[in-house]
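S.K.: Got a sequence here, can you build the structure:
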Amino acid sequence: MPASTEASTRVGAVPPAPAPDSRLTPGGPGYRRMSFALFLAGVATFALLYSTQALLPLISGEFGVAASEASWTVAAATGGLALFVLPMSALSERFGRRTVMTASLAVAVTVGLLVPFAPSLPVLVALRAVQGAALAGLPASATAYLAEEVRPKALVTAIGLFVAGNSVGGMSGRVITGWVAQEWGWRVAVGVIGALAVACAVAFRLLLPAPQHFQAGSLKPRVLLGTVREHLGDPLLRRLYAIGALFMTVFGGVYTVIGYRLTEAPFSLPQGIVGSIFLVYLVGTVSASTAGRLVGRLGRRGALYAAGGTTATGLLLSLAGSLPLVLLGLVLITGGFFAGHAVASSAVSKTATHGRAQASALYQSAYYIGSSAGSTVGALAFHAGGWAGTVGVGLLAVLGVVSITVLGTRAARAGQAHSRRQPEGLAGRRLVRAIARRRSALVAEPRGRFGNAASVRARRRPAGGNVPGRP
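M.R.: Residues are numbered from 1 along each chain as shown. Take a look at the predicted model:
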């Protein structure tokens, strides 16, 4: 082919179309399998993590300890998860999300089958800590998997479904253990939850699609610490981490203590009925799965305000001496918590452009630190001041959520005002350069047509060289 023909072919060639987005989307192939698999993972995670929470009065009775001591069976599990979620996220960056989630569930369900045989409270607490550490591979890996495999527009909904699985797991674990423990004791109840988690783990592994967009990262500590420092240096991510921790402080405190309140006067409910109280988790399933629509209508900060206000209203209602009002309060607390958690966790995945597993792990670490703190502080406050003390701790945490969100709103407005005054970033610099080039072209255009001032005067002179009227 002649060179000219080849060149014209290259110039006139139509550029190749961009590759289609192969990530999962609602209604597309594999999306339902992925959603159901992670839903089951969420069920297993929360059923195991909080398997002893509804049984705390029975554990206190068998081992002869107070609520603040028995609550360590919950705090140890959530604390172990909080400590190990970051190392587990690093392993998922190297070996893959699905691999780490599968291994984590396998270890957690194995320990769950040993928990019923704990001979003493210290052994029970130790087993629960190991179980929580094993479960650490699920939360951060799951959100990172979704961020890589799901299209951005569907991410909030997908994470909401995973969080909904958490709420179903927490609900079913507490309801099942309540009724089983009423008939056969807390040990049999915990064993039943272990068997349920085994079934969920097997189904999860069979259903979850193989990752298509995962790229293995490095396990070098320097790289990991650099990524963590970068995430912690982001003001928005820091605010989201604090919000997750504070929401979970409310939730952990309320549901650790509520069993003691309802089994004591004036309610004096049996253990099976107390376990059924956790059916209000269904409200969390709905609020978490609809968090995407809430953000679309109110924006992220508006959704957080709504979640915080709903949670605070529920706390105040729960102070009533009427059982229906207490239940309504629990409904509002649960709905507000799960909505706020879904909004904050999805915002973390969207904000982090790289090292998503570490960003999600930091959120989960803060979240479960809040759970441990809420369980412990809420139980201590209940011991010191009754239910009103636990509610006071929760209201302080909600006030923290609202204050942090207000700071975020002010920071966003200040950033918008600054961007209007002075363009920033690559797009702003390109705009400034384009304006400068246009001004130069406008100034140069008259010179191109008529020349500069000296050449114009030279053309006006007569042939003799002098201007008429001058010597």
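S.K.: Number of residues surrounding residue 296?
M.R.: Residue 296: 10 surrounding residues under other Cβ atoms under 10 Å. Heads up, the C-betas are built off the backbone N, CA and C, glycines and all.
S.K.: Confirm it sits in a strand?
M.R.: No - read with DSSP: H, G, I helix; E, B strand; the rest coil, residue 296 is helix and lies in no strand.
S.K.: In the chain, which residue is most central in space?
M.R.: Nearest to the mean C-alpha position of the chain, by Cα atoms, centre = their mean, lies residue 345 at 1.7 Å.
S.K.: Look up phi and psi at that one.
M.R.: phi -70, psi -40 (degrees, to the nearest 10).
S.K.: repeat for residue 50
M.R.: As for residue 50, its main-chain torsions (degrees, to the nearest 10) stand at phi -110, psi 30.
S.K.: how about it, what does it touch?
M.R.: 74, 77, 170, 173-174, 255 (Cβ atoms under 8 Å, 6 or more residues apart in numbering).
S.K.: what do you get if the cut-off is 7 Å, keeping everything else the same?
M.R.: Listed by Cβ atoms under 7 Å, 6 or more residues apart in numbering, the contact set of residue 50 reads 74, 170, 173-174.
S.K.: Report pLDDT for it.
M.R.: For residue 50, the pLDDT comes out at 87.
S.K.: I'd like to know how far it sits from residue 313.
M.R.: Using Cβ to Cβ, to the nearest Å, one obtains 24 Å as the distance from residue 50 to residue 313.
S.K.: which among the contacts of residue 50 gets closest to residue 411?
M.R.: Closest to residue 411 out of the contacts of residue 50 is residue 170 (33.4 Å), distances taken as Cβ to Cβ.
S.K.: now that closest one: how far from residue 372?
M.R.: Distance from residue 170 to residue 372, by Cβ to Cβ: 16 Å.
S.K.: for the protein, what helix or strand is lowest in average pLDDT?
M.R.: Scoring the helices and strands of the chain by mean pLDDT, DSSP states H and E places helix 3-12 at the bottom, with a mean of 47.
S.K.: how about the helices of the stretch 1-150 of the chain, start to end?
M.R.: For the stretch 1-150 of the chain, the helices defined by DSSP state H, counting those that start in this stretch cover 3-12, 31-49, 56-63, 67-70, 72-95, 97-114, 121-135, 137-149.
S.K.: brain fart, the stretch 201-350 of the chain
M.R.: Counting by DSSP H, counting those that start in this stretch, the helices of the stretch 201-350 of the chain are 221-232, 235-263, 271-276, 281-289, 291-317, 323-351.
S.K.: what's the closest of the ones you listed to residue 179?
M.R.: Nearest to residue 179, of all the helices of the stretch 201-350 of the chain, is helix 271-276, at 4.4 Å by Cβ to Cβ.
S.K.: Quick one: mean pLDDT over the closest one.
M.R.: Averaged over helix 271-276, pLDDT sits at 84.
S.K.: List the buried residues in that helix.
M.R.: Residues 271, 274-276 are the ones in helix 271-276 that count as buried (16 or more other Cβ atoms under 10 Å).
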